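*Asks:* Starting from these lines, generate the structure:
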Amino acid sequence: MMSTRKVLTLVLILSMLLTLMPFAPLVKAQDQKITFSIAWNFNPPPVGHFNFFVHGFLGWLCNGFVLEPLTHRFNYNGTHIPGIAINWTLAEDYSYLKVTIRQGVKWHDGEEFTTMDIYATFLLLGIKPEVYPFKFTDIKEIKIIDDYNIEFYMDKPRTSLPMAVLWHFDYVPYHQYKDIVDKILERIKETGKTPFDDPELFKDIREELLNFRPKTLIGTGPFKLSKVTESEIILEKFKDYWNGEPEIDQIIFKKVTSADVMYQMLLNGELDWYWGTPTPEQLEAFEKSGLFEIIKIIRPLGPSLVFNFKKYPLNIKEVRQAIAYAINRTELAFIEWPIGGIPETHLVGFASVYIPVYLNESFRSQYLDRWKYEYNPQKAEQLLQSLGFTKGADGIYVTPNGTRLEFTLALDGWMKPETVEALSTQLAKVGIKINVRIYETGAYYGEDGVFNTMQFDIGVIPHASPGFSFANTLVTQRMRWILHGKQNYPDIWDTPWGSVNITALSEKLREPIPEAEYHNIVSILSYVEGENLLWIPLFTRPVIILLNKQKFTGWPKDMGYWQGLASYAARGLSYLFRWHKIIPLLKLTIEATEGGTTNPAPGTYTYRKGEKVTVTAVPSEGYDFEKWVLDGKDYSTNPTVEITMDTHHTLKAVFKSKPPIMLYIGIIVIIIIIIGAIYYVYKKKK
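*Replies:* Sure thing, here's the model as predicted:
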């Protein structure tokens, strides 16, 4: 049996503990993941893979997210922001580039990024040479000075040298491709030749590279590969990223195979980014949803008709002009892109949006009106009749030697079937018959494909800016035709400035030349295009960019930035993550039990990540504030708290009713009795 003294002492201790309980220690709330979701129709391994140099690579994972370039380039003005590369020196004639990289940049597996990684990437690219942005055979030498300095020497100056080295290519870790790179280095030592001298000397190593399948992807970007499933790819933030820990925890690529499903996911708020061309109805739904900032840009890329000059009578200028007048480019543009396709206003060989940039006012006022070729079926037939062509019984024109104006139109899907059908109908109205042939891209553009071997009468290829069109069409494609024993366009053409060699001029555009000379060459080539219609640009694509404005803020306001994403959407988007431009918007939900309110009042509020929010509990008459509960756990008993918005939070103020006055008196009496009893026991024992 416990003594009276022990009983009374225990009662007193329990009473004291009860009064101390409200002052429990603070409890940290459990974090939630901040995610950014993108739709992507990808193939998971083993079809999709992690070899950067082989078709089937899971490409969205580069472009600055996992793998990354050395800088960021603003494509609309050609400027670069230092990144991994912190400094570079470029020769005036674009024949030499020295790059200095940042020290301490880590690959996701902890290895340090050095110039050997840059050199290894170019060796691997060299044994599998690409055409764009320059020929690898133009590289004379790449010299590693030390771990942080590297030099590029070119046999032939290229204006694209800094863009290619600093931004166009992402870099892979030497230690992941070490076995293959070491074999290249050994072959260089044996032969004295590099892949840039003679790629064919490395043909066997190229096959090994093509068959290589890394188990994962190792990059230096702000996110590292976490998981790949059949339905999504998850990237986790790389806390040791050289430019600081990312603001967003995860990037999730959700596999979406249907455009309709993707649009519904956007409207449900399941996706945070979209770049594409919706239907008018879908665009209206996006506008009404209030979920997105909507950016509208022009992508200066669209289909052009190219003529086989070997095919009579397509080698006659008036026939090509008749075709131009017979085509309603506005109708085709809106069939292809109902939200507002942009018809080419002038047929000068490149996207009309660039005309004010590349052609001066004097040139435009003197020549441009001649090259509008506005829809005029009557003029088209007049041109054909002026050549002595007559209509046959079926309404198709026939040349004086009996050749029907019936041509094959070959393409690889650059236009929708409805657009192609409309084009055929337009030409049929003026007595020209088109037989459409649609090919897979590989069969069309492959080395021995339909286009390169000129197995067409009229072909469809993309057109873009002057630099892209002249370099790609008049140089790259022309050289491929020559290699296949084909000779399409004549070299020499008459202009008001004398006879010119269009191939030589086009090739010169790829070299470093003064700006005035560049614009002069573009003007001459535009004249040849407008007067002779070597190809006919049809229309350009409108692009809608959707940005989730309810989850993120900080989207750039500069339209030049967004227009620069016209052809590099993924690479341009990653800049926002790499340089912490977009900030998550986080929700703070404030609640209160009966007996009080809060300041700010109960409700849901949105704050930028990192923002600190002060909240005060305000009890009603007859109530006391008891405690705060943050995300389901007791947090504090202080009536005023400061919440750091590091994730979404729910903060609840808990109030309790005050006991009646008689209860307080009773408690005081009990305490006095307890104290008196203790004192009595103590005195009695003495």
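*Asks:* so who does Val353 touch?
*Replies:* Going by C-beta atoms under 8 Å, 6 or more residues apart in numbering, Val353 touches 298, 300, 342, 540. Heads up, the C-betas are built off the backbone N, CA and C, glycines and all.
*Asks:* Which single one of those residues is nearest to Gln550?
*Replies:* For those, the residue nearest Gln550 by C-beta to C-beta is Ile298; the value is 27.1 Å.
*Asks:* immediately after the helix or strand the closest one falls within, which helix or strand?
*Replies:* For Ile298, the host element (DSSP states H and E) is strand 292-299. Remark: after strand 292-299, the chain's next helix or strand is strand 302-307, criterion DSSP H and E.
*Asks:* Quick check: the closest residue to Ile458 other than its chain neighbours vs Asp155, distance?
*Replies:* In space, and not counting its chain neighbours, Ile458 is closest to Leu409: 4.9 Å by C-beta to C-beta, 6 or more residues apart in numbering. Counting by C-beta to C-beta, to the nearest Å, the gap from Leu409 to Asp155 is 40 Å.
*Asks:* quick one: which of the two has more around it?
*Replies:* Per other C-beta atoms under 10 Å, whichever of Leu409 and Asp155 has more neighbours is Leu409, with 20 against 14.
*Asks:* Next one, pLDDT for that one please.
*Replies:* At Leu409, the pLDDT value in this model is 97.
*Asks:* can you pull up the bridge partners for it?
*Replies:* Legend: beta-bridge partners of Leu409 under DSSP bridges are Val436, Ile458.
*Asks:* From Thr403, how far out is it?
*Replies:* According to C-beta to C-beta, Leu409 stands 17 Å off from Thr403.
*Asks:* Return the residues in contact with the residue positioned nearest the centre of the chain.
*Replies:* Centroid-nearest residue in the chain: Ala570, 1.2 Å away (criterion: C-alpha atoms, centre = their mean). When contacts are counted by C-beta under 8 Å, 6+ apart, Ala570 is found next to 59-60, 63-65.
*Asks:* now swap in Thr191 and tell me
*Replies:* Contacts for Thr191 (C-beta under 8 Å, 6+ apart) come out as Leu201.
*Asks:* Where does Ile144 sit: helix, strand or coil?
*Replies:* Classification of Ile144 using DSSP: H, G, I helix; E, B strand; the rest coil returns strand.
*Asks:* i'd like the first residue to be 625 from this point on
*Replies:* Sure, I'll start counting at 625 from here, so that last one is Ile768.
*Asks:* wait, doesn't it sit right on Thr739?
*Replies:* Yes - with contacts counted by C-beta atoms under 8 Å, Ile768 reaches Thr739, the gap being 5.0 Å.
*Asks:* okay, and the common contacts of those two?
*Replies:* Contact with both Ile768 and Thr739 is made by residues Ile774, according to C-beta under 8 Å, 6+ apart.
*Asks:* between the two, which one's more packed in?
*Replies:* Using other C-beta under 10 Å as the criterion, Ile768 and Thr739 rank with Thr739 on top: 21 against 14.
*Asks:* Skipping its backbone neighbours, what lies nearest that one in space?
*Replies:* Of all residues not flanking Thr739 in the chain, Ile774 sits nearest, at 4.1 Å (C-beta to C-beta, 6+ apart).
*Asks:* Please apply the same query to Thr901.
*Replies:* Leaving aside its chain neighbours, Thr901 sits nearest to Trp961 (5.5 Å; criterion: C-beta to C-beta, 6+ apart).
*Asks:* Please report phi then psi for that neighbour.
*Replies:* phi -130, psi 90 (degrees, to the nearest 10).
*Asks:* And the pLDDT for it?
*Replies:* For Trp961, the model assigns a pLDDT of 95.
*Asks:* wait, it sits on Leu1162?
*Replies:* No - Trp961 lies out of contact with Leu1162 (C-beta under 8 Å); the separation is 11.4 Å.
*Asks:* Any idea how many residues pack against His966?
*Replies:* Let me fix one detail, which is that residue 966 is Ile and not His. 21.
*Asks:* mean confidence score for the one helix or strand the residue nearest to Thr739 maps to?
*Replies:* Using DSSP H and E, Ile774 sits in strand 773-778. Strand 773-778 carries an average pLDDT of 97.
*Asks:* Report the distance from that strand to the chain centre.
*Replies:* Computed by C-alpha atoms, centre = their mean, to the nearest Å, the chain-centroid distance of strand 773-778 equals 28 Å.
*Asks:* Report the next helix or strand after that strand in sequence order.
*Replies:* Per DSSP H and E, the helix or strand that comes after strand 773-778 is helix 785-787.
*Asks:* Can you mark which positions in that following helix are buried?
*Replies:* Neighbour-count burial for helix 785-787 flags 785-787 (criterion: 16 or more other C-beta atoms under 10 Å).
*Asks:* roughly how far apart are the closest residue to Lys878 other than its chain neighbours and Arg1202?
*Replies:* Of all residues beyond its chain neighbours, the one nearest Lys878 is Glu856 (5.1 Å), with distances taken as C-beta to C-beta, 6+ apart. Distance of Glu856 to Arg1202, computed by C-beta to C-beta: 22 Å.
*Asks:* Settle it for me: which of those two has more neighbours?
*Replies:* Arg1202 (23 against 16).
*Asks:* where exactly do the helices run in the stretch 625-774 of the chain?
*Replies:* Here the stretch 625-774 of the chain has its helices, by DSSP state H, counting those that start in this stretch, at 628-644, 739-751.
*Asks:* comparing those helices, which gets the lowest mean pLDDT score?
*Replies:* With a mean of 46, helix 628-644 has the lowest mean pLDDT of the helices of the stretch 625-774 of the chain.
*Asks:* Run through who's touching the helix or strand where Phe1249 lies.
*Replies:* Taking DSSP H and E as the criterion, Phe1249 maps to strand 1247-1254. In this structure, residues lying in contact with strand 1247-1254 by C-beta under 8 Å, 6+ apart are 646, 648, 651, 653, 1219-1220, 1241, 1243, 1258-1263, 1265, 1267, 1273-1282.
*Asks:* quick one: which of these sit in strands?
*Replies:* Residues of the contacts of strand 1247-1254 located in strands (DSSP state E): 1220, 1241, 1243, 1258-1260, 1265, 1267, 1273-1281.
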